[in-house]
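A.B. asks: give the three-dimensional model of this entry:
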Amino acid sequence: MKLLSLRRAMFIISAVGLTASLAGASTAAAEGTQSGGMPAPALGKSGSIHQVATVKFPAPYVNPKSFDISWVDPQTQTYYLADHTNNGVDAINAKTDAFEGLIGAGDFSGTGANSTSSQKSVCGPFGVGGPNGVLVLHVGGVTQLWVGNGVTSSSPTSTVKVFDLSTPSSGTLAASISTGGQCRADELAYDPVDHVVIIANDADSPPFLSLISVNANPANDKVLGKIPFTNAIDGIEQSAWNPANDMFYVNIPQIPTTDGSWMGEVAVINPRTMKVTQTFPVPACSPAGLAINVKSQQMLLGCSGDAIGGDTVNGVTYSGNPAVSYIMSARNGRIVSRFSQVGGSDEVWYDPSTSQYYLGANGMTSNGLSSGYSTPVLGVLSSNGNRWLGNFPTAASAHSVAANPMNGQIFVPIPGYGIAVFAPSNHDNQGNRDNS
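C.D. replies: Now for the predicted structure:
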């Protein structure tokens with residue numbers, strides 16, 4: 001992703017006069033500035049959600065500046081964040097909004113400080129770091145944390161780290177499964193019927209997917225097969241498993257076109273045959289985030305900022321496009337709703353308890369075009385009638401989002417500031433619905 005600098009976003013937020021949020025205002029005033037003299041981000045207000053808390057990291061940890069994907073395990077109500085800065089996976093109590101621990105400290109490639117210049121040249125600056133994709137599985141009475149990792153000079157092959165969790169916030173490394181890539185193993189999804197994890201090596205050439213068996217004893221896990229994507233010229237993004245048809249859905253941000261128009265696609269993959277069964281075209285969009293509404297069999301596609309800015313790949317210039325997000329039918333790939341109010345997203349999430357989609361739209365701009373200034377937001381859509389509810393201003397690189405379906409709270413890490421916690425406007429800070 002093309003991420004804007006935190007300094008530029010802070011200037012923009014200040015310039016448009018956004019007010020501080022409920023929990024963030026007093027905290028920001030008390031703490032003054034972030035490292036480097038930058039002001040703490042002033043977060044705006046929205047009619048659809050409001051901020052209820054900010055999770056700060058206790059010493060010796062620091063509020064992460066670099067991170068990737070997040071996940072909520074509803075069984076334990078724990079929020080997990082792939083944290084490059086602290087080189088581990090953060091575990092946050094999603095009931096009390098409190099930091100509980102760091103899992104796998106030092107087991108990852110972190111910000112890439114120990115990667116070689118050659119690795120960074122081949123993979124790109126974001127293609128060597130780790131942890132990346134993260135999810136929690138419950139299999140055979142065992143709770144496991146699966147995490148994609150990057151590469152370093154001493155560990156030149158990408159891996160998936162599997163931790164046996166003794167508590168929601170602590171565990172031991174039980175397996176390190178090589179995906180055979182020279183760049184990072186990134187986002188992943190789980191099929192609990194066939195006991196298969198799918199994970200992308202998005203920065204390899206060509207990018208590829210690995211399908212890995214899942215067992216209660218991770219020592220028995222192995223790569224079952226790989227699917228290369230020779231037509232994926234801008235990597236592979238978020239994946240999801242659909243229980244309605246036992247298929248994986250995987251975002252391919254960009255494929256070659258003869259006229260230079262931007263075209264992404266969603267690949268539908270059978271986990272048993274390990275084959276792509278069909279692809280759904282996604283025009284004028286670089287699909288990054290993907291979240292499935294199982295009940296309606298519709299899915300949100302968060303189009304990244306790459307499509308807004310345009311790109312040149314292999315000598316072909318792909319022009320920029322207006323910001324957009326799509327709701328697509330998971331059955332046939334038909335685009336059923338189009339939203340121009342929010343775009344430039346990375347991770348997206350669907351919470352069935354609130355019937356709302358959330359978008360980590362860090363690439364959104366003031367006019368939805370590349371000519372606009374950066375206005376990163378948390379976008380909110382309702383699945384009831386597929387309506388846009390609003391955008392809540394965040395900060396540069398605030399590209400990750402996950403929600404706790406047990407209390408409706410939404411978690412958005414803000415670089416250097418902490419994890420902002422939001423709730424729908426009809427919920428209090430414990431997640432209780434206000435019906436008054």
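A.B. asks: excluding its backbone neighbours, what's nearest Thr257?
C.D. replies: Distances taken as Cβ to Cβ, 6 or more residues apart in numbering put Met263 closest to Thr257, at 5.0 Å, once the chain neighbours are dropped. Placement of C-beta: from N, CA and C, glycine included.
A.B. asks: tell me how far the one you found lies from Ile233.
C.D. replies: Distance, Met263 to Ile233, using Cβ to Cβ, to the nearest Å: 10 Å.
A.B. asks: identify the contacts common to these two.
C.D. replies: Common neighbours of Met263 and Ile233, using Cβ atoms under 8 Å, 6 or more residues apart in numbering, are Gln254, Ile255.
A.B. asks: show me what contacts the residue nearest to Thr257?
C.D. replies: Here Met263 is in contact with Gln254, Ile255, Thr257, Pro281, Val282, Pro283, Ala284 (criterion: Cβ under 8 Å, 6+ apart).
A.B. asks: which of those residues sits closest to Ala98?
C.D. replies: Checking the contacts of Met263 against Ala98 with Cβ to Cβ, the nearest one is Val282 at 38.9 Å.
A.B. asks: surely Gly225 is in contact with Met274?
C.D. replies: Yes - between Gly225 and Met274 a contact is recorded at 4.2 Å, counting by Cβ atoms under 8 Å.
A.B. asks: mutual contacts of the two, please.
C.D. replies: By Cβ under 8 Å, 6+ apart, the residues touching both Gly225 and Met274 are Leu211.
A.B. asks: more neighbours: those two, which one.
C.D. replies: Met274 (17 against 13; other Cβ atoms under 10 Å).
A.B. asks: for the more buried one, what are its contacts?
C.D. replies: Contacts of Met274 by Cβ under 8 Å, 6+ apart are Leu211, Leu224, Gly225, Ile227.
A.B. asks: how about 6 Å then?
C.D. replies: With contact taken as Cβ atoms under 6 Å, 6 or more residues apart in numbering, Met274 is in contact with Leu211, Gly225.
A.B. asks: what is the nearest of the contacts of Met263 to Pro415?
C.D. replies: The nearest one, if we look at the contacts of Met263 relative to Pro415 and count by Cβ to Cβ, is Gln254, at 26.1 Å.
A.B. asks: and the gap between that closest one and Asn314?
C.D. replies: Distance from Gln254 to Asn314, by Cβ to Cβ: 11 Å.
A.B. asks: these two: which has the busier surroundings?
C.D. replies: Gln254 (24 against 6).
A.B. asks: Val250 bridge partners, please.
C.D. replies: Under DSSP bridges, the beta-bridge partners of Val250 are Ser239, Ala267.
A.B. asks: what pLDDT is listed against Ser319?
C.D. replies: Looking at Ser319, its pLDDT stands at 86.
A.B. asks: what about the nearest residue to it once chain neighbours are set aside, distance to Ala423?
C.D. replies: Distance criterion Cβ to Cβ, 6+ apart; nearest residue to Ser319, sequence neighbours excluded, is Gly310 at 5.1 Å. Separation of Gly310 from Ala423 (Cβ to Cβ): 36 Å.
A.B. asks: isn't Ser176 up against Thr159?
C.D. replies: Yes - applying Cβ atoms under 6 Å as the test, Ser176 and Thr159 come out as touching, 4.9 Å apart.
A.B. asks: of these two, which one has the most company?
C.D. replies: Neighbour count, other Cβ under 10 Å: between Ser176 and Thr159, Thr159 has more, with 24 against 14.
A.B. asks: separation between the more buried one and Phe422?
C.D. replies: For Thr159, the distance to Phe422 - Cβ to Cβ - is 34 Å.
A.B. asks: same check, this time on Val134
C.D. replies: 20 Å.
A.B. asks: between these two, which is the more surrounded one?
C.D. replies: Neighbours were counted for Val134 and for Phe422 using other Cβ under 10 Å; Phe422 has more, 29 against 24.
A.B. asks: look up which helix or strand that one falls in, please.
C.D. replies: strand 418-424 (DSSP states H and E).
A.B. asks: what does Ser121 give?
C.D. replies: Applying DSSP H and E, one finds Ser121 within helix 117-123.
A.B. asks: what residues does that helix touch?
C.D. replies: Val128, Val151, Cys183, Ala203.
A.B. asks: close enough to count as contact, Val377 and Asn362?
C.D. replies: No - applying Cβ under 6 Å as the test, Val377 and Asn362 come out as separate, 8.1 Å apart.
A.B. asks: higher neighbour count, those two?
C.D. replies: Taking neighbours as other Cβ under 10 Å, Val377 and Asn362 compare with Asn362 leading, 31 against 26.
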